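Enquirer: Sequence and computational prediction follow.
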Amino acid sequence: MQAIYFTEYGSADVLHFGPQPTPVPSAGQLLVKVHASSVNPIDWKLRQGDMKLISGCCFPRIPGRDLAGTVAQVGPGVSQFKVGDQVFGMADGSLGGANAEYALLAAKAAALIPANLSFEQAAAVPLAALTALQALRDKGALTEGDRVLVVGAAGGVGTLAVQLARLLGAGYVAGTASPANLPLLDRLGVDDAINYKERDFTQVPNQYDVIFDAVAGSTYLAAKDALRPGGRYVTTVPDPKDVLLGGLTSAFSDKKLKMLMAKDDGADLHLVGQWLAAGKLHPVIDRTFPLAETAAAHRYSEQGHAVGKIVLTVT
C-alpha cells in the first residue's frame, strides 16, 4: 500500500510518501480501505518528537488518527461489522497509522458512517468530536441549563464543541475566536462570539459553569475567576504550571481543573453519528489535501489558523 511515513523526528520535511506493508487485522480489528483521513495538531507534535517519552523511537511510523473508509477485512471475533461496511473512527494505535491506503481500526472504536456524510466529512469527526463530547459531558459534567465557554471555538475541536454543548443541554454557549472567524461562530449558534483580541473573558467573574479550552488558549489559574461556584475548567493541553500549582489550587477549591485525553469509544462515536444523521451536528472543513501532500497539510496546521478540520483525501 501507499502511505505517509517518517523514519526520524523533525519538520514536515521528514514525511515521505511511498510503499509500506499493508497491515493485517488481528482479533477484534478491522482492516479499512481508507478513503479520507485528517491532520490534527497531535499528528505533527508526534512527528516533531514532542512526545518521545510516549512514542519512543520505533520507525518507520505512519501518522494520523482519523479515518473514514470501507471495511476490507475483519479480524477474528468481529461480528458487528462486515466487509463492505462504511466506517469511521480513530486508528487502532495511539501513535497513528491512518494516513495510508489501509489502516487498522479496533471494532470497539468504530461506527458506521451516517448516510448523509461524505468520507471527507466523516474523516473530520472522530478525534475532534470525541474530544469535545468527553470534555463537556464527562470531565465538564455539563448539565441542563449550564453556561458554557469554548476557548478556540473556530478550530477542529471547537466548532464541534459549541454544537455539542447545545445538544448536551447547555442554556448558554459562548466561544472565543479571531475577528475573522466570529461570523462562523454566529452561524454555529453561539450566544456570545468573543473576539479574543478585544475581550478578555478571564476579567469578567462568575460567568460560566464550564470552560472548555480546546486550544491551550488560557489556563485554569488565569480563568478560575470566570467560573461560577462549582465550575469546571477542562483542557486537553494543560499548561505546565496548571498541572502543579493549578492542580493544587483546584484540590482546595470548588472550581475544578479537569484534564482529558480522548478515548476511542465506538459507543460515543455512534452517538455522534446519530446527531450527524439527524442534521443536528455539522463538521466544518477548512481545506483538503491529497494524501501525497500531507507534508503541506502539516505545515498549514502548524500555522494555527485552520478553521475547522484539515482533511486528507486518500482513495
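Expert: Ah, there it is.
Enquirer: Number of residues surrounding the residue lying closest to Pro290 once chain neighbours are set aside?
Expert: Closest residue to Pro290 apart from its sequence neighbours, by Cβ to Cβ, 6 or more residues apart in numbering: Thr313 at 5.6 Å. To be clear about C-beta, it is placed using only N, CA and C from the backbone, and glycine gets the same treatment. By other Cβ atoms under 10 Å, the residues close to Thr313 number 17.
Enquirer: and if you look at Lys52?
Expert: Neighbour count for Lys52, taken as other Cβ under 10 Å: 11.
Enquirer: Same check on the one 5 residues further on?
Expert: In terms of burial, Cys57 registers 9 neighbours under the definition other Cβ under 10 Å.
Enquirer: Do I have it right that the residue nearest to Pro290 meets Thr294?
Expert: No - counting by Cβ atoms under 8 Å, Thr313 does not reach Thr294; the two are 10.7 Å apart.
Enquirer: For the nearest residue to Glu198 once chain neighbours are set aside, which residues are in contact?
Expert: Spatially, and ignoring its direct neighbours in sequence, Glu198 is nearest to Pro179 (7.9 Å; Cβ to Cβ, 6+ apart). For Pro179, the contact set (Cβ atoms under 8 Å, 6 or more residues apart in numbering) comprises Asn195, Lys197, Glu198.
Enquirer: How about Arg228?
Expert: Contacts of Arg228 by Cβ under 8 Å, 6+ apart are Arg147, Asn206, Gln207, Tyr208, Asp209.
Enquirer: Compare those residues and tell me which has the most neighbours.
Expert: Counting by other Cβ under 10 Å, top hit in the contacts of Arg228: Tyr208 with 24 neighbours.
Enquirer: surely that one meets Asp225?
Expert: No - between Tyr208 and Asp225 there is no contact under Cβ under 8 Å: 10.6 Å.
Enquirer: Would you tell me which one of the contacts of Arg228 comes nearest to Gly49?
Expert: Tyr208 (35.8 Å; Cβ to Cβ).
Enquirer: I'd assumed Leu31 was in a strand, is it?
Expert: Yes - applying DSSP: H, G, I helix; E, B strand; the rest coil, one finds Leu31 inside a strand.
Enquirer: roughly how far apart are it and Ala123?
Expert: With the distance defined as Cβ to Cβ, to the nearest Å, Leu31 ends up 17 Å from Ala123.
Enquirer: Identify the bridge partners of the residue nearest to Pro290.
Expert: Note on Thr313: beta-bridge partners Ala36, Pro290, judged by DSSP bridges.
Enquirer: check contacts around it.
Expert: Listed by Cβ under 8 Å, 6+ apart, the contact set of Thr313 reads His35, Ala36, Glu120, Thr288, Phe289, Pro290, Leu291.
Enquirer: re earlier: so which of the contacts of Pro179 comes closest to Thr7?
Expert: Using Cβ to Cβ, the shortest approach to Thr7 within those belongs to Lys197, at 40.9 Å.
Enquirer: Now do that closest one against Pro179, distance only.
Expert: Per Cβ to Cβ, Lys197 is found 6 Å from Pro179.
Enquirer: Also Asp192?
Expert: For Asp192, the distance to Pro179 - Cβ to Cβ - is 15 Å.
Enquirer: The stretch 51-200 of the chain: helices as residue ranges?
Expert: 52-55, 119-123, 126-133, 156-167, 182-187 (DSSP state H, counting those that start in this stretch).
Enquirer: hang on, the earlier thing: would you mind telling me which of Leu31 and Ala123 has more residues around it?
Expert: For Leu31 versus Ala123, neighbours defined as other Cβ under 10 Å are more numerous around Ala123 (31 against 20).
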